[in-house]
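Asks: following is a predicted model, sequence given first.
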Amino acid sequence: MTALFLLALAWPLCVALGAAGQAFRASARRRYFGLSWVSAAWPALALAFAGEGAWEWAPWLLGGEWALDALARPWLAFTALLWSLAALHACGYFKRAQARARDGDGDEAYRLSRFALCWPLAFLGNALLIVSRDVASFYLGFALMTFAAYSLVLHHQSLDAKRGASAYLILAVIGEGLILGGLLWAAGSGEATTLEGVREAITQAPGGVWMALLLWLGFGVKAGVIGLHVWLPLAHPVAPAPASAVLSGAMIKAGLLGWLSFLPLGAEALSPAFTTLGEAMLVAGFAAAFGAALYGVAQAHPKAVLAYSSISQMGMLTVLVAMGLVNAEVWPLLLPGIVLFAGHHALAKGALFLGTSVSEHMPRLPRALLWLLLALPGLSLTGAFGAGLVSKYTFKHALEEMAHARIVFLLTLAAVGTAALVSVCLWRQWQTRSAGGSDAWQVTAWTLAAVAALAAPWWLPLPEGSVYVPSLSSLGSLVWPLPVGVALVALGVALGRALSLSPWRPGDLWWGYRPLGLFGVALCQRLAQACGRVKGGSVDAALALERRAMAWLTHTLEGETWLRRHGSGLMMALAVVLALLLIWEGHG
């Protein structure tokens, strides 16, 4: 187990070093995506199924602690599997780009080398944060994953890609600042260096709710919390399909894992302020679930539709996490459902993103079969089929056990939005389809991702008895959002054509944030210019004062020269005056 743990973290680093070495070889001899590159996540995947374990190494930073427990094992399993399948898909996705690079296209060679280098580094950060139990390792993994993924979004370097990468980086820096502030505050308050210690410090500290708020918002940038979600619909349409798959499937879940690791979910005797925070999270979660669905159905690009679907689904997960603050008793029943939800969503959304590249270069399969396979992960996401049905019933069962029927009803309504988004995505894929022919690696990876998503409850290493399979009598209450969502899309398409409505551009709030940001930058520039003028005036005043002081000193020095010249005569005159005074005093 220890050897496998070390290999799981060391092998992606070795793959990255190998990719860096490839960049110095002649273009015709480079192998950007060989077997070793594809296998970067394989040791981590094997580790997830090897069993539970714990490791410590005191010399590491503030004291390294890593563990595989009931939460980390399934999380590492679906994360490593998605990264592996996306890497396999990349071998076919970049086949034409590799041919151009070997033919002497220097720009393409640079982009491929950068992608091949940053991919294993981003995975290393993702895997490290999952197994970490000390704050330093967790933050190191989170930051490495965040900033290495920037180049994955920027890959094509088009104008849209630069905009999406800029939005991603700006929000990432804001999120990192909030996370670092919350962690340092909590760790300093409780003198803790472990995740458990920080969570206890947040629970007990007088300002713990503010620490929790910083961490919720900081990790919420990655998790797509409403208002902080704007990078998702801008980054996904411009990123390569394999990058979009891991961004939406695996990396977005790092924010969710941060919530589960640091927020005092399920803790007893929390202050009322935490309940208020939980209620605010409920509102934000439902706002994302419904708002993203309404805006996403009006998108033209299928990957933009899927990005809004991710925001909507993460809104639903935000609601479930918020219940851990609102009602502590429901949390032990709810956590397994959240883990299954996260794993199923990661693989299903990964399959849908990989499917966008398959529909752009349709393989030689019967058309009906191809579109049925493309639709299956989406059908599962709606909760009407496969693992999605089991996942939805598992957390619904937990909420109904604790008499939260209203939350269940609202989440079911949100599933209507999911069905609508999936339907729009398939429709947009149909409109942009091309018969160019997908590579076998693309089709294989996409198929395996879809199968893994549908069968998630049966292969993920979840605790025994944590998953509930719905009975036949309960299927009706779970399946009805799918036909309702499809019907609403059909009605919306007909209405849009009748009114000649055009699609909305992705980014929504970004286009409002942008002028505000530019105004803020201009304001800072003006403030800097004003400060520069004040500084210049202060320097001029100081120089003038210095000149006056030097003039006075010069004049004083001239008096000293005169005294030196006439000092002897003055001393003799003084002596004579003193003598006369003494004589006069003697006569008196």
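Replies: All right, it came through fine.
Asks: where are the low-confidence patches of the stretch 351-500 of the chain?
Replies: For the stretch 351-500 of the chain, residues meeting the criterion pLDDT under 70 lie at 435-438.
Asks: helices along that one, start to end?
Replies: With DSSP state H, counting those that start in this stretch as the criterion, the stretch 351-500 of the chain has helices at 367-381, 386-401, 405-431, 440-454, 456-459, 475-479, 481-499.
Asks: repeat for the stretch 101-250 of the chain
Replies: Using DSSP H, counting those that start in this stretch, helices in the stretch 101-250 of the chain cover 106-131, 135-154, 159-190, 195-204, 208-223, 231-235, 241-246.
Asks: quick check: next helix or strand after the last one?
Replies: So the one you mean is helix 241-246. Counting by DSSP states H and E, the element after helix 241-246 in chain order, helix or strand, is helix 252-262.
Asks: give me the angle between that following helix and helix 106-131.
Replies: On the basis of axes from the mean of the first three to the mean of the last three C-alpha atoms, to 10 degrees, helix 252-262 is oriented at 20 degrees to helix 106-131.
Asks: which other residues reach helix 252-262?
Replies: The list of residues contacting helix 252-262 from outside it, by C-beta atoms under 8 Å, 6 or more residues apart in numbering, reads 71, 75, 79, 126, 129-130, 138, 142, 145, 179, 182-183, 186, 195, 198-199, 202, 212, 215-216, 218-224, 232, 265, 310, 314, 317, 321, 335, 338, 342, 345-346. (C-beta placed from N, C-alpha, C; glycine too.)
Asks: swap the cut-off to 6 Å and go again
Replies: Residues outside helix 252-262 that contact it (C-beta atoms under 6 Å, 6 or more residues apart in numbering) are 195, 198-199, 215, 219, 222-223, 317, 321, 342, 346.
Asks: for stretch 203-220, same thing?
Replies: Contact partners of stretch 203-220, identified using C-beta under 6 Å, 6+ apart, comprise 175, 178-179, 181-182, 185-186, 189, 202, 228, 255, 258-259, 262-264, 267, 273-274, 277.
Asks: which of those residues are buried?
Replies: Burial of the contacts of stretch 203-220 was assessed by neighbour count (16 or more other C-beta atoms under 10 Å); the buried members are 175, 178-179, 182, 185-186, 189, 202, 228, 255, 258-259, 262-264, 267, 273-274, 277.
Asks: tell me the SS of L501?
Replies: Reduced to three states with DSSP: H, G, I helix; E, B strand; the rest coil, the structure at L501 is coil.
Asks: relative to A298, how far out is it?
Replies: In this view, L501 and A298 are 8 Å apart by C-beta to C-beta, to the nearest Å.
Asks: quick one: low-confidence parts of the stretch 101-250 of the chain?
Replies: Within the stretch 101-250 of the chain, no stretch falls below the threshold (pLDDT under 70).
Asks: distance of the residue located most distally from the centre of the chain from L581?
Replies: Of all residues in the chain, the one whose C-alpha sits farthest from the chain's mean C-alpha position, using C-alpha atoms, centre = their mean, is H587 at 105.0 Å. In this view, H587 and L581 are 11 Å apart by C-beta to C-beta.
Asks: which ones are touching the spatially closest residue to L7 that is not a sequence neighbour?
Replies: On the basis of C-beta to C-beta, 6 or more residues apart in numbering, the spatially nearest residue to L7 that is not a chain neighbour turns out to be P43, at 4.4 Å. With contact taken as C-beta under 6 Å, 6+ apart, P43 is in contact with 7-8, 11.
Asks: element containing P43, please.
Replies: When secondary structure is defined using DSSP H and E, the element that contains P43 is helix 42-50.
Asks: buried sites along that helix?
Replies: For helix 42-50, the buried set under the neighbour-count rule, 16+ other C-beta under 10 Å, comprises 42-45, 47-48, 50.
Asks: and the residue nearest the centre of the chain, what does it touch?
Replies: What sits nearest the mean C-alpha location of the chain, by C-alpha atoms, centre = their mean, is K222, with 2.7 Å. The contact partners of K222, by C-beta under 6 Å, 6+ apart, come to 254-255.
Asks: show the model's pLDDT score for the residue farthest from the centre of the chain.
Replies: What the model reports for H587 is a pLDDT of 72.
Asks: what's the distance between it and L578?
Replies: Computed with C-beta to C-beta, the distance linking H587 and L578 is 15 Å.
Asks: before we move on, what about G177?
Replies: For G177 relative to L578 (C-beta to C-beta), the value is 79 Å.
Asks: higher neighbour count, the two?
Replies: When G177 and L578 are compared for neighbours, G177 comes out ahead with 13 against 10, by other C-beta atoms under 10 Å.
Asks: with adjacent residues omitted, what lies nearest to that one?
Replies: Taking C-beta to C-beta, 6+ apart as the measure, G177 lies nearest to G218, with 7.5 Å between them; neighbours along the chain are not counted.
Asks: isn't A201 right up against G190?
Replies: Yes. Under the criterion of C-beta atoms under 6 Å, A201 lies in contact with G190, with a separation of 2.5 Å.
Asks: now the host helix or strand of L4: how far from the chain's centre is it?
Replies: In this assignment (DSSP H and E), L4 forms part of helix 2-22. Counting by C-alpha atoms, centre = their mean, to the nearest Å, helix 2-22 is centred 23 Å from the centre of its parent chain.
Asks: just stretch 141-148 next, same as before
Replies: Chain-centre distance of stretch 141-148: 9 Å, with C-alpha atoms, centre = their mean.
Asks: same thing with stretch 418-431?
Replies: Distance, stretch centre to chain centre, for stretch 418-431: 25 Å (C-alpha atoms, centre = their mean).
Asks: against M211, how distant is S189?
Replies: Noted for S189: a distance of 7 Å to M211, by C-beta to C-beta.
Asks: should've said G388
Replies: 35 Å.
Asks: which one of the helices of the stretch 101-250 of the chain lies nearest to A23?
Replies: The stretch from these with the least distance to A23 (C-beta to C-beta) is helix 106-131; that distance is 4.3 Å.
Asks: report the angle between that closest one and helix 2-22.
Replies: Between the direction of helix 106-131 and that of helix 2-22, the angle (the same axes, to 10 degrees) works out to 160 degrees.
Asks: show me what helix 106-131 is packed up against.
Replies: helix 2-22, helix 72-93, helix 95-102, helix 135-154 (3 or more C-beta pairs under 6 Å, 6 or more residues apart in numbering; DSSP states H and E).
Asks: now do it: distance to the chain's middle.
Replies: Using C-alpha atoms, centre = their mean, the mean C-alpha position of helix 106-131 is found 15 Å from that of the whole chain.
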